[in-house]
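# mind folding the following:
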Amino acid sequence: MTTFIRFRIAKFGLTALFVPTSLFLVETSQLFAADPPRSKVSTGAAVSVTKAKKTCFDDMTVITGVLVPKHEVQVRPDREGLQISKVLVEAGAKGNVGQALAQFANPEAQQDSGDPVSVQAPAEGIIGKASAVIGTMASARAEPLFQIIAGGELELSAQISTRSLSKLSSGLEAKIRVVGVGELPGRTRFVSKTVDPMTQLGEVRVSINFDERLKAGMFGRAIIYSGQRCDRVAVPLSALLYGQEGSVVQVVRDERIESRIVTTGLRSEGNVEIRQGIVEGDMVVARAGAFLRDGDRVKPVVVDDSAGRK
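Sure thing, here's the model as predicted:
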């Protein structure tokens, strides 16, 4: 059955126009079919990503301890049975070789028998401790009368774990920071070959150049450089998340988020070494955030962070 559509077009003097409905539908379908198909648009949120790549790190060990004399000389009397009559120096004073530190008297003598007996400094340095007291008897078997810091030189002494101790050796460069003094250069002088069986700690000593501002007993912090490592990948510190299972890095794969538990290592200049969990070339979220979850679709935008890497 044919259906007709009637139109009134006055301009042409026509009263009716008959068009088959089937033809009208065909023409209309062809008209709409002429529109180009719409392209598929990603609905994922844009995130900045960076490529995990191998980076060189300084292998550093951080220690905290106190300043102690590098070399200490103990002063005791040569004779027994003498009484201290005068103390000529105080703790903190400078002493020269041969300088008299204290004088003695023989309590059994009835009168002055000539030049007073004295004890002299065997080395130049700073009087670190003075325990001599007027009126007491001096003895070589008692506590030293004086303790001299030879040359006034101090060093940082610290107790560290066996794991850190195994990486150190004498002669390594270090930077030492002391409150009120600032940063000073140093070098490891002594690394213990034994450890305390109870604490599993061993001693390391870092020499410091002479500085009048340094005092024995001050706290100090040192960074010891024991080499460089370039064999593992690194990511920006901002890429790390911290969860109940440890450190996490979010990786973008096929435009979806994957969370990886990683083992971290050395840190330097805004980067962190990744010892396990990701490999070189993985695209990681540069600024990880808690709003991203596993399986989320994202639109990765690669950022160049080479300026922040060594």
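# C-alpha from now on. contacts and neighbour counts both.
Noted.
# was I right to think Asp59 contacts Gly265?
No - assessed by Cα atoms under 8 Å, Asp59 is found out of contact with Gly265, at 9.7 Å.
# any stretches of this structure with poor pLDDT?
Applying pLDDT under 70 to the chain flags the ranges 1-43, 109-115, 289-290, 304-310.
# okay, now the domains of it?
46-57+230-308, 61-69+153-229, 75-150 (automatic domain parsing).
# can you put these in a markdown table and add mean neighbour count?
Formatted as a markdown table, the domains of the chain follow (neighbours: other Cα atoms under 10 Å):
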| stretch | mean neighbour count |
| --- | --- |
| domain 46-57+230-308 | 17 |
| domain 61-69+153-229 | 17 |
| domain 75-150 | 17 |
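# so who does the residue most central in space within the chain touch?
The geometric centre of the chain, computed from its C-alpha atoms, lies nearest to Arg267 (Cα atoms, centre = their mean), at 6.5 Å. Contact partners of Arg267, counting by Cα atoms under 8 Å, 6 or more residues apart in numbering, are 57, 273.
# give me the contact list for whichever strand or helix holds Arg177.
Per DSSP states H and E, Arg177 falls inside strand 173-178. Taking contacts as Cα under 8 Å, 6+ apart, the residues outside strand 173-178 that touch it are 183-188, 206, 208, 218-226.
# which ones among the residues you listed are found in strands?
Using DSSP state E, the members of these that fall within strands are 183-188, 206, 208, 219-226.
# spit out the contact partners of Val119.
Contacts of Val119 by Cα under 8 Å, 6+ apart are 75-78, 100-103.
# what's the closest of those residues to Val49?
Nearest to Val49 among the contacts of Val119: Val75, at 66.7 Å, using Cα to Cα.
# can you give me the helices for the chain?
Counting by DSSP state H, the segments of the chain that form helices are 21-33, 162-165.
# next one: the shortest one to chain centre, how far?
Centroid separation between helix 162-165 and its chain, computed with Cα atoms, centre = their mean, to the nearest Å, is 16 Å.
# name the helices or strands packed onto it?
In this structure, helix 162-165 makes packing contacts with strand 201-208, judged by 3 or more Cα pairs under 8 Å, 6 or more residues apart in numbering; DSSP states H and E.
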